[in-house]
Structures are given as C-alpha cells and as structure tokens.
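Colleague: model this:
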Amino acid sequence: MDKFPLGGGFIYQHGGYKAFNISDPKPRNIHKASVRDRVLHHAIYRQLYPFFDWTFIADSFLGFTSHGNAYELGQEIGNWHSLWKEG
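Modeller: Here you go, the predicted structure:
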C-alpha cells in the first residue's frame, strides 16, 4: 500500500479491502474499505466537492444538492406553488 505524508510527521497508509459476496437480487462480489478509510474518503470528498461541483452539467440527473433531481424537483414545486397562488 502507498504511504501518504500528512502534517506533523504523520504518515497515512490505506488499509486493505474486505471482500465478500452477496446475492440479492443477483450475485455480486463486494470489496469494502475499513471504517477508518471510509471516513477519510468522505473527508477528502467533502473538501474536493466544491472545486468540482460547478464542472458537472446543470441538468445531470445525479443526486447533487445544487442540481440534478433534487434541485429540479425543488424548482418545479416552486413553479407550481407560484402558479397556484396566481390562479
């Protein structure tokens, strides 16, 4: 595994993955990182997301908070609400 230097002389080394199989609804082979590694993955994601969010297309149907299905649904509800108030 690669080692990554962090501040204060601390070196982070990513652990291995736990492999297991599930079969609901179809057979799949899953590889899962440890909780420690998943917490770090999430922390890195939260730091990098603002830099990359604006590069995604505006009408992507992914679960982003600033666009996609959730944003579009909020826009439509707002439009319906304003139409209902005018009517």
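Colleague: any idea how far Pro5 is from Arg38?
Modeller: 21 Å (C-beta to C-beta, to the nearest Å). C-betas here are computed from N, CA, C, even on glycine.
Colleague: per-domain residue ranges of this structure.
Modeller: If you go by automatic domain parsing, the domain ranges for the chain are 1-55, 57-87.
Colleague: quick check: end-to-end length of stretch 10-17?
Modeller: Across stretch 10-17, the terminal residues are separated by 22 Å (C-alpha to C-alpha, to the nearest Å).
Colleague: which stretches in this structure count as helices?
Modeller: Secondary structure of the chain (DSSP state H): helices at 35-53, 69-86.
Colleague: list the buried residues for the first one?
Modeller: To tie it back to what came earlier, the one meant is helix 35-53. Counting neighbours by 16 or more other C-beta atoms under 10 Å, one finds that the buried residues in helix 35-53 are Asp37.
Colleague: comparing the helices of the chain by mean pLDDT, which bottoms out?
Modeller: With a mean of 58, helix 69-86 has the lowest mean pLDDT of the helices of the chain.
Colleague: unless I'm mixing things up, Lys32 is touching Gly16, no?
Modeller: No: Lys32 is beyond contact range of Gly16, at 10.1 Å (criterion: C-beta atoms under 8 Å).
Colleague: residues shared between the contacts of those two?
Modeller: Common contact partners of Lys32 and Gly16 (C-beta atoms under 8 Å, 6 or more residues apart in numbering): none.
Colleague: and the gap between the residue nearest to Leu40 when sequence neighbours are not counted and Ile44?
Modeller: Counting by C-beta to C-beta, 6 or more residues apart in numbering, Leu40 lies nearest to Tyr12, which is 7.2 Å off, once chain neighbours are set aside. Distance of Tyr12 to Ile44, given as C-beta to C-beta: 11 Å.
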